[in-house]
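J.: Got a sequence here, can you build the structure:
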Amino acid sequence: MFSRILVATDLSEASHRVVCALESLKSWGTREAILVSCFNIRDVGSLAPGLMELSKPAFEKQKKLLEEMGYAVTAKMVLGLPQIEISRQAQEHDCSLIVVGSHGHSFSKDILLGGTASAVIHSATRPVLVLRLNGLDPEQEGAACNCLGHILFPTDFSDNAERAFAAVREIVRYGAKAVTLLHVQDREKIERHLKDKLETFNEIDRGRLERLKADLVSLGARDVDIEIPYGNPKKEVVDRANRPDISLVVMGSQGRGYLEEVFLGSVSHEMARRSKAPLLLIPALR
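T.: Okay, the predicted model is just below:
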């Protein structure tokens, strides 16, 4: 599914715990990892060679961790603009997935989410796996990523959601048994003029979700739930993503209405900031 991945690291304790969480990706058929640490030329300038030398022990430690997990590892320390360089390295090495952590700080500042990672996600033409950490305590082992656990799939039935569902199908092929299919009826859009149509909308959308369920069951899923709540999509999706039984969220990175829900402009943006579960974002075709 994702045979070769790019792991973006800023060499912080948080990014170290991201690396620790990656062993389960082998269940998706991942065998190669490109470990990239990019020093932001705007921040380090002529200090880059010295900072890279000082960072080598931490970098080698993360490389060794991945090798001990059984990955073939290519490790690269580079200088540039991280949001551009990470995507360029993913393309150069033909990586099928980019992995980033949800926070972390080091010499090169904000390489992970909240800074560069949000830019990487925004411009990505390849799937991005976001691993969120609960804090910066070095004693914490990291964001566990149970790739074949309980999958949450929020959908708005857009073309990008269909692309994301293809990823869910592959995850089920690899052995995931539990999936929750979620479509939120947007209260703000429906309440004022379409409330009398809600029952009809629910019936139509349940039929759509039932077809997705039948597809997953045919591939081996045993426990497929359907949920169609009425409320704020951001809140409803985040609330479900943060349930303790959810181990992975898979969703498209752009929904309906290009101007209204530009990538990271709506639910996927909220999820990248607030989901405690690992988040697999599937980009739209560009």
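
J.: how much distance is there from the helix or strand His122 falls within to the middle of the chain?
T.: Using DSSP states H and E, His122 sits within helix 116-123. Distance of helix 116-123 from the chain centroid (C-alpha atoms, centre = their mean, to the nearest Å) equals 11 Å.

J.: which helices and strands does it pack with?
T.: Counting contacts by 3 or more C-beta pairs under 8 Å, 6 or more residues apart in numbering; DSSP states H and E, helix 116-123 packs against helix 82-92, strand 97-101, strand 128-131. All C-beta spots, glycine's among them, are computed from the backbone N, C-alpha and C.

J.: can you put the ones you listed in CSV and add mean neighbour count and mean pLDDT?
T.: Putting those into CSV (neighbours: other C-beta atoms under 10 Å; pLDDT from 0 to 100) gives the following:
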stretch, mean neighbour count, mean pLDDT
helix 82-92, 20, 91
strand 97-101, 27, 92
strand 128-131, 26, 90
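
J.: As a markdown table, the ones you listed with distance to Asp196 would be great.
T.: Listed next are the helices and strands packed on helix 116-123 as a markdown table, based on distance: least, C-beta to C-beta, whole Å:
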| stretch | distance to Asp196 |
| --- | --- |
| helix 82-92 | 46 |
| strand 97-101 | 44 |
| strand 128-131 | 39 |
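
J.: right, and Leu66 touches Cys20 too?
T.: No. In this structure Leu66 lies outside contact range of Cys20 using C-beta atoms under 8 Å: 9.8 Å.

J.: Looking at those two, which is more packed in?
T.: Leu66 (22 against 18; other C-beta atoms under 10 Å).

J.: who's in contact with that one?
T.: Residues in contact with Leu66 (C-beta atoms under 8 Å, 6 or more residues apart in numbering) are 7, 19, 22, 33, 35, 73.

J.: so which one among these has the lowest pLDDT?
T.: Among those, Val19 carries the lowest pLDDT, at 89.

J.: mind listing what that one touches?
T.: When contacts are counted by C-beta under 8 Å, 6+ apart, Val19 touches 7, 9, 35, 62, 65-66, 142.

J.: Quick check: the farthest pair among those residues?
T.: Leu35 and Gly142 (15.5 Å; C-beta to C-beta).

J.: Settle it for me: which of those two has more neighbours?
T.: The neighbour count for Leu35 versus Gly142, taken as other C-beta under 10 Å, is higher for Leu35 (23 against 19).

J.: Quick check: of the contacts of Leu66, which lies closest to Leu148?
T.: Leu22 (14.3 Å).

J.: Could I get the full set of strands for the chain?
T.: Listed in chain order, the strands of the chain (DSSP state E) span 4-8, 32-40, 72-80, 97-101, 128-131, 150-154, 178-182, 185-186, 223-227, 230-231, 248-252, 279-282.

J.: Remind me what the fourth one packs against, helices and strands.
T.: Yep, that's strand 97-101 we're talking about. strand 4-8, helix 13-20, helix 82-92, helix 116-123, strand 128-131.

J.: Phe39: which of those is closest?
T.: Once the helices and strands packed on strand 97-101 are compared by C-beta to C-beta, helix 82-92 is nearest, at 8.2 Å.

J.: on that earlier part again, go through the strands of the chain and name the closest to Gly207.
T.: Closest approach to Gly207 among the strands of the chain is made by strand 223-227 (10.3 Å; C-beta to C-beta).

J.: Any idea how many residues pack against the closest residue to Arg42 other than its chain neighbours?
T.: Distances taken as C-beta to C-beta, 6 or more residues apart in numbering place Leu81 nearest to Arg42, at 7.1 Å, with adjacent residues excluded. Residues lying near Leu81 (other C-beta under 10 Å) number 14.

J.: and if you look at Lys76?
T.: Around Lys76 there are 15 residues (other C-beta under 10 Å).

J.: Would you check that my belief about it contacting Ile34 is correct?
T.: Yes. The criterion here is C-beta under 8 Å, and Lys76 meets it with Ile34 at 7.0 Å.
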